[in-house]
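**Student:** Using only what follows, build the 3D model:
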Amino acid sequence: MAQHVNPYKDSDLGKKAQVTQMFDTISKNYDGLNRVISLGIDVKWRNKVVKILAGTNPEKILDIATGTGDLAINLNRTGAKQIIGLDISPGMLAVGKEKVTEKKLDQTIEMVLGDSENLPFEANTFDAITVAFGVRNFENLEKGLTEINRVLKPGGTFVVLETSVPTKFPFKQGYQLYSRYILPTIGKLFSKDKVAYKYLSESAAVFPFGEAFNNILKKTGFIRVENKPQTLGVATIYVASK
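**Tutor:** Residues are numbered from 1 along each chain as shown. The predicted structure is shown next:
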């Protein structure tokens, strides 16, 4: 079971409300900060997700925890006729909507406010579903994954891109140093929310990855589950079917 990381220990809000508040606060700086923190490698990871899905020729895609819409916009390259980006943070969605409009993709991409654990869609709706750097923010991981399974069509593809922890020396030690000290320091320089990037690094450190996350996917009804570690194991792409 994923450990609960509380981003705002002095708050009476539940994790869902806290995460919403946090992402609303950092929404304007999120894209630039992501590029700095990942050294731009997150772009390469998203391109791999797009390539995986392009081979399945999906017509309708749901991108959960879409944030500012980076992956949803890239998914346009799959040739899908309809892409829905869903997020719980109005602030992140506002930035995403601006980007979608700038790229003249309003006819293909719709940005929707919604909760990953209570998806506002009928069962068996989507050919493909993606989540990039979002599953570790679910308040109830298994409930969220079960919901995703419900709205995915039989035979559809589910792809998760998430941070993970390198297991080999010296990459494991280097990652721990970076995530514990350097990442929160960079976050403070860019964002007025001093705990946001501390939370993001802490939540990544305790989130189940590799075989542990594979097993959770299987438990929640997914089949043909595989994980593909990226860049020495600092991120992992999971691919599964229904």
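**Student:** Give me the nearest residue to residue 78, chain neighbours excluded.
**Tutor:** residue 54 (4.5 Å; CB to CB, 6 or more residues apart in numbering). C-beta: built from backbone N, CA, C; applies to glycine.
**Student:** What number of residues are in the vicinity of the one you found?
**Tutor:** Counted with other CB atoms under 10 Å, the neighbours of residue 54 add up to 14.
**Student:** right, and it touches residue 76 too?
**Tutor:** No. At 10.6 Å, residue 54 does not count as touching residue 76 under the criterion of CB atoms under 8 Å.
**Student:** tell me, what's touching those two both at once?
**Tutor:** Counting by CB atoms under 8 Å, 6 or more residues apart in numbering, no residue touches both residue 54 and residue 76.
**Student:** Dihedrals phi and psi, the residue nearest to residue 78?
**Tutor:** Residue 54 adopts backbone torsions of phi -60, psi -30, taken as degrees, to the nearest 10.
**Student:** residues touching it, list them.
**Tutor:** By CB under 8 Å, 6+ apart, the residues touching residue 54 are 77, 78, 79.
**Student:** what does residue 46 give?
**Tutor:** Residues near residue 46 by CB under 8 Å, 6+ apart: 70, 71, 74, 132, 161.
**Student:** May I have the predicted confidence score for residue 203?
**Tutor:** We have a pLDDT of 79 for residue 203.
**Student:** tell me the SS of it?
**Tutor:** Recorded secondary structure, residue 203: helix (DSSP: H, G, I helix; E, B strand; the rest coil).
**Student:** wait, it sits on residue 135?
**Tutor:** No. In this structure residue 203 lies outside contact range of residue 135 using CB under 8 Å: 10.3 Å.
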